[in-house]
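Chemist: Just to be clear, the model below is a prediction. Sequence and coordinates:
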Amino acid sequence: MIREYRQADVDQVLAIWLAASIEAHNFIEPNFWESKVSEMRDVYIPASETFVLEYEEKINGFYSLYGNTLAAIFVTPESQGKGIGTALLNDAKNRRESLQLSVYKENVPSINFYEKHGFIFLDEQIDEHTGHPELIMEYHS
C-alpha cells in the first residue's frame, strides 16, 4: 500500500535512504551520506511531499516530490528488483503531468530504470555537493 508519509515513519525512511544511497552510489564515500542524515530529517523530507510503500507494517520504499521534481525515490536494498520502485514511480507519475529528476551519471542501473519508465535526457550538470556529474531527466504523461 502506498500512502502519505507520517512523522512516525521518519526512522524507517532515513534508514532506507542511507542504506540505498550507500549501495547505489558506491563511487561516493559512505561518510558523505552519513553526514547528510540530519539534513534529510530536518530539511528535505519536511519540505517535500513524501509517500511510502508499506507492506506488513514495514516500509519498503519511498519517494519525495518537490514541485514537479522527483527529489528522491529509494527502495530497501533487500527489496529491490521486486517491482516496488516501479510501483512508487508510477504513483509519482500519476500525481504530476511531468516530472524532472537528477541522477548520477555513474548510477547506470538507475538511469536504465528511468529510461525504461519513459524518462528522457535533458541536460548534464555537476553536483555541487559531491563534484560528480549528474544527468537531468524528464517524464511527460
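Modeler: Now that the structure is in, tell me what you want to look at.

Chemist: State which helix of the chain is the longest.
Modeler: Using DSSP state H, we find that the single longest helix of the chain is helix 10-24.

Chemist: Could you report the separation of the residue sitting nearest the centre point of the chain from G85?
Modeler: Compute the mean C-alpha point of the chain, and by CA atoms, centre = their mean the closest residue is I73, 2.0 Å away. Between I73 and G85 the computed distance is 7 Å (CB to CB, to the nearest Å). (Each C-beta comes from the backbone N, C-alpha and C, glycine too.)

Chemist: so what sits against both of these two?
Modeler: G61 (CB atoms under 8 Å, 6 or more residues apart in numbering).

Chemist: Could you pull up the contacting residues of the residue lying farthest from the centre of the chain?
Modeler: Most distant from the centre of the chain: E56, at 21.6 Å, with distances by CA atoms, centre = their mean. By CB under 8 Å, 6+ apart, the contact set of E56 is empty.

Chemist: What does it show for phi and psi?
Modeler: E56 adopts backbone torsions of phi 50, psi 50, taken as degrees, to the nearest 10.

Chemist: Which neighbouring elements make contact with the one helix or strand Y139 maps to?
Modeler: Applying DSSP states H and E as the criterion places Y139 in strand 133-140. On a contact count with 3 or more CB pairs under 8 Å, 6 or more residues apart in numbering; DSSP states H and E, strand 133-140 meets strand 98-104, helix 108-116, strand 120-126.

Chemist: Each with direction, which strands does that strand pair with?
Modeler: strand 98-104 (antiparallel), strand 120-126 (antiparallel) (DSSP bridges).

Chemist: Taking helix 108-116 as reference, get the angle to that strand.
Modeler: Taking axes from the mean of the first three to the mean of the last three CA atoms, to 10 degrees, one finds strand 133-140 and helix 108-116 inclined to each other by 20 degrees.

Chemist: pLDDT of strand 133-140, averaged?
Modeler: Throughout strand 133-140, pLDDT has a mean value of 98.
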